[in-house]
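[1] model the structure of this input:
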Amino acid sequence: MVEEISEITRLTVDAGRTAVFVEKQLSDKAEIVVEAGARVKHYRLHEGANHALSVKIGQGASYELVTLHKGNGNLTLSFDLAGEEAFCRSDVVYMLSGDRKSLIASDVRHNADNTVSRQLVKGAVTDKAFATFEGGVFIPYERKKIDGAQQHRAILLSPDATVKAVPRLEIYADDVKCAHGSAIGSLNKDQLYYLRTRGIDEADARALLTRAFLDEVFDSIEEEDIREDFKRLAVFEK
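    The predicted structure is shown next:
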């Protein structure tokens, strides 16, 4: 069931159902409920202004998200693992150019036992663009058998590009396995040199290495048509 109220989209995936969604035009705000035992794959292209997505995942349900973010606004993602044995995966690619500024915020809350979350965020920033990533994992008191992982990696493609990362773990329980990391750097000079010695000009070499860096996310998309569509759309806005 999909319900649109003004600029809010509300979607419920009924218990035990399987669904695949592809979105290219996003409302200001979206709320999704994945009921018990449902399986959802969700693919989104964000090019516009500010957008917020919140997802509640029920018992034994699975929600997997891939987002390509190229907008000038902020992207806010919130995930509530509300039922036991719920699973959430969120992969984000952000690409910023020109003088764009954007905040990418992702928050996962393990509000039930035996829940698993995976976050992978990869960014490429060029020109004078500025990106901020804020990633949080919250585990309340007395939760058990929690498994959460968050990784953020970004490459700077010009000397004036900036990326700021603020990973955050809030853990108030003991029976927990959590990991997080963040790395920000530039393209590998040895790899660039190798491609140049093979007759590839610098611009093409940089583009090839950037694409290889981002393809870790896109190659995880099982649906071939969706995977190729996202790769085609993964270009910097002029």
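[2] which residues sit in contact with K144?
    For K144, the contact set (C-beta atoms under 8 Å, 6 or more residues apart in numbering) comprises 113-114, 173, 175. Backbone N, C-alpha and C define where each C-beta goes, glycine included.
[3] now a PyMOL select for only the buried ones of the residues you listed.
    Command for PyMOL that selects the buried part of these, burial taken from 16 or more other C-beta atoms under 10 Å:
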select buried, resi 113+114+173
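[4] TSV for the contacts of K144, including secondary structure, pLDDT and distance to L81?
    What follows is the contacts of K144, written out as TSV (DSSP: H, G, I helix; E, B strand; the rest coil; pLDDT from 0 to 100; distance: C-beta to C-beta, whole Å):
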residue	secondary structure	pLDDT	distance to L81
D113	coil	97	10
N114	coil	98	10
A173	coil	91	13
D175	coil	92	15
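[5] so the spatially closest residue to S186 that is not a sequence neighbour bridges to which residues?
    Closest residue to S186 apart from its sequence neighbours, by C-beta to C-beta, 6 or more residues apart in numbering: L156 at 5.3 Å. Under DSSP bridges, the beta-bridge partners of L156 are V125.
[6] hang on, L156 packs against I184?
    Yes. Using C-beta atoms under 8 Å, L156 makes contact with I184 at a distance of 6.8 Å.
[7] any common contacting residues for the two?
    Joint contacts of L156 and I184 (C-beta under 8 Å, 6+ apart) are V163.
[8] pLDDT below threshold where in the protein?
    1-7, 25-26 (pLDDT under 70).
[9] if we can go back for a sec, neighbours around the residue nearest to S186, how many?
    L156 is flanked by 19 other residues according to other C-beta atoms under 10 Å.
[10] contacting residues for it?
    125-126, 162-163, 184-186.
[11] where exactly do the helices run in this protein?
    Taking DSSP state H, the helices of the chain run over residues 189-197, 202-218, 224-233.
[12] which stretch among those helices comes nearest G98?
    helix 202-218 (16.2 Å; C-beta to C-beta).
[13] and for that closest one, what's in contact with it?
    66, 91-93, 95, 120, 122, 124, 153, 155, 157, 187-188, 191-192, 195-196, 200, 227, 230-231, 234.
[14] write the PyMOL selection for whichever of those residues are buried.
    Those of the contacts of helix 202-218 that count as buried under 16+ other C-beta under 10 Å are selected in PyMOL with:
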select buried, resi 66+91+92+93+95+120+122+124+153+155+157+187+192+195+227+230+231+234
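[15] next one: stretch 134-143 to chain centre, how far?
    18 Å (C-alpha atoms, centre = their mean, to the nearest Å).
[16] repeat for stretch 100-118
    9 Å.
[17] same check on stretch 219-227?
    Worked out by C-alpha atoms, centre = their mean, stretch 219-227 lies 15 Å from the chain centre.
[18] and the helices of the chain, which is most packed in?
    Comparing the helices of the chain by mean neighbour count (mean count of other C-beta atoms under 10 Å), helix 202-218 ranks first with a mean of 16.
[19] mind saving the C-alpha coords of that one as CSV?
    Extracted C-alpha coordinates of helix 202-218, given in CSV (Å, rounded to 0.1, in the frame of the first residue of the first chain):
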residue,chain,number,x,y,z
GLU,A,202,44.9,11.6,-17.2
ALA,A,203,41.2,12.5,-17.4
ASP,A,204,40.1,9.1,-18.5
ALA,A,205,42.4,7.4,-16.0
ARG,A,206,40.9,9.4,-13.1
ALA,A,207,37.4,8.6,-14.4
LEU,A,208,38.2,4.9,-14.5
LEU,A,209,39.6,4.8,-11.0
THR,A,210,36.6,6.8,-9.7
ARG,A,211,34.2,4.4,-11.3
ALA,A,212,36.0,1.4,-9.9
PHE,A,213,35.9,2.9,-6.4
LEU,A,214,32.1,3.5,-6.6
ASP,A,215,31.3,0.2,-8.4
GLU,A,216,31.7,-1.7,-5.1
VAL,A,217,28.2,-0.5,-4.3
PHE,A,218,26.6,-0.8,-7.7
